[in-house]
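Chemist: based on what follows, work out the 3D shape:
(one chain, ligands or ions: 1)
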Amino acid sequence: MSFQIIGTGRAHPEFVLDNEMLSKVVDTNDEWIVTRTGINTRYVSTDETITELSVKAAKKALVKASLTGKDLDLILCSTMKGDYACPSLACLVQRDIGADCPAVDLNAACSGFMYALDQADAYISSGKAETILIIAAEMMTRHLDWTDRATCVLFGDGAGAVVVRKGDGLKSIIITAKGDDQLLVIGNTFCKSPYGRQIDIDPEFRMKGGEVYKFAVTSVLRDVKEVMKTAGVKTKDIKMMIPHQANLRVFQAAKEKLGFTDEQLAVGIDHYGNTSSASIPLMLDELIEAGKIKQGDLIVLTAFGGGLTTGACVMKV
Ligand code: COA
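Modeler: Coordinates of the predicted model:
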């Protein structure tokens, strides 16, 4: 297929929020959070903007790729919300890294990084681009209901970036969507127009945890089996599976059913929490930096999230 990853980068806020601190905000405790989710700490923005985190991650990825912004043909930014509805996050990154290529945001919730990889594949396969910067950046803590203990303990902030260039690293990719506004909803706040029909949209963060859990395990199993079959690879050929870091129990269940070992499973939820679409590129950069994933290794990426959306791929790093 079309591309190879040639650089990765990541950035997160400085402030670390642990479970103990959270227990002073809502009725929760460390033991509940750790056993149900695997989360110990998460990064929470105090005064960093999502644009700043994105630019930091992007610059690191460009340095590792030995490129500058001027070498890029396209910037794709996966985010549920940038600092503004307009200009897009991608346009602000384009300005701050000195690029002059087209730049656009896309929103596929937690599967957004997989959707961006799929779009990069299409652009590069068609010959419309050769070098693309993909950023996945989320500030989930801006969207949470901090009085709801069932959801506010789960999420964190961060940004991950990859630079991809024409090559044969990508072996197979799948993305899916199934429209649903019951299982996982993050509301919008709108201004009231004197002319428009007032649609009663709940601005809150709502999630049916148990149902999302079942959807997550089922879709990870389905998607990973499919991309591995298409790529013609077996579990033993894979160096690591990097799942969207939403819940340790979700990906441990999937790992066992797919026959991966503990060493093949990437775990970062303990220190990131759920950073939505940023979670996979954050892990990818961390694992490459730690030498746990090396050039030539085959990896599986798999994500699921609001929408409902999912995505998975097999690639050679
Ligand atoms: N601290 C303490 N207790 C809590 C709590 C918290 N933070 N949040 C919920 N509880 C309580 C509930 O009130 C409930 O109490 P009750 O039995 O007295 O009614 C109990 O814990 C069990 O709640 P439940 O929602 O059934 O827990 P769970 O085992 O399903 O775990 C999630 C909840 C959210 C951790 C789990 O369902 C999950 O991770 N689902 C997937 C979510 C996900 O991946 N979302 C992201 C998609 S991208």
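
Chemist: residue 183 versus the residue of the stretch 101-250 of the chain at minimum distance from the ligand, what's the distance?
Modeler: Proximity of the stretch 101-250 of the chain to the ligand (Cβ to the nearest ligand atom) peaks at residue 209, 2.8 Å away. Every residue, glycine included, has its C-beta placed from N, CA and C. Distance, residue 209 to residue 183, using Cβ to Cβ, to the nearest Å: 9 Å.

Chemist: same deal with residue 312?
Modeler: Distance, residue 312 to residue 183, by Cβ to Cβ: 19 Å.

Chemist: quick one, which of residue 209 and residue 183 is more surrounded?
Modeler: Counted by other Cβ atoms under 10 Å, residue 209 and residue 183 do not tie: residue 183 has more neighbours, with 18 against 14.

Chemist: contact partners for the more buried one?
Modeler: Applying Cβ atoms under 8 Å, 6 or more residues apart in numbering, we find residue 183 in contact with 207, 208, 211, 212, 215, 306, 308.

Chemist: could you dump these to CSV with secondary structure, pLDDT and distance to residue 59?
Modeler: Output for the contacts of residue 183, formatted as CSV (DSSP: H, G, I helix; E, B strand; the rest coil; pLDDT from 0 to 100; distance: Cβ to Cβ, whole Å):
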residue, secondary structure, pLDDT, distance to residue 59
207, strand, 93, 34
208, coil, 94, 39
211, helix, 95, 40
212, helix, 95, 34
215, helix, 96, 36
306, coil, 97, 29
308, coil, 97, 33
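
Chemist: could you dump the residues you listed into CSV with neighbour count added?
Modeler: Output for the contacts of residue 183, formatted as CSV (neighbours: other Cβ atoms under 10 Å):
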residue, neighbour count
207, 16
208, 14
211, 13
212, 19
215, 20
306, 21
308, 22
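
Chemist: quick check, nearest of the residues you listed to residue 66?
Modeler: Comparing the contacts of residue 183 against residue 66 with Cβ to Cβ places residue 306 closest, at 36.1 Å.

Chemist: I figured that closest one hits residue 110, correct?
Modeler: Yes: assessed by Cβ atoms under 8 Å, residue 306 is found in contact with residue 110 at 6.6 Å.
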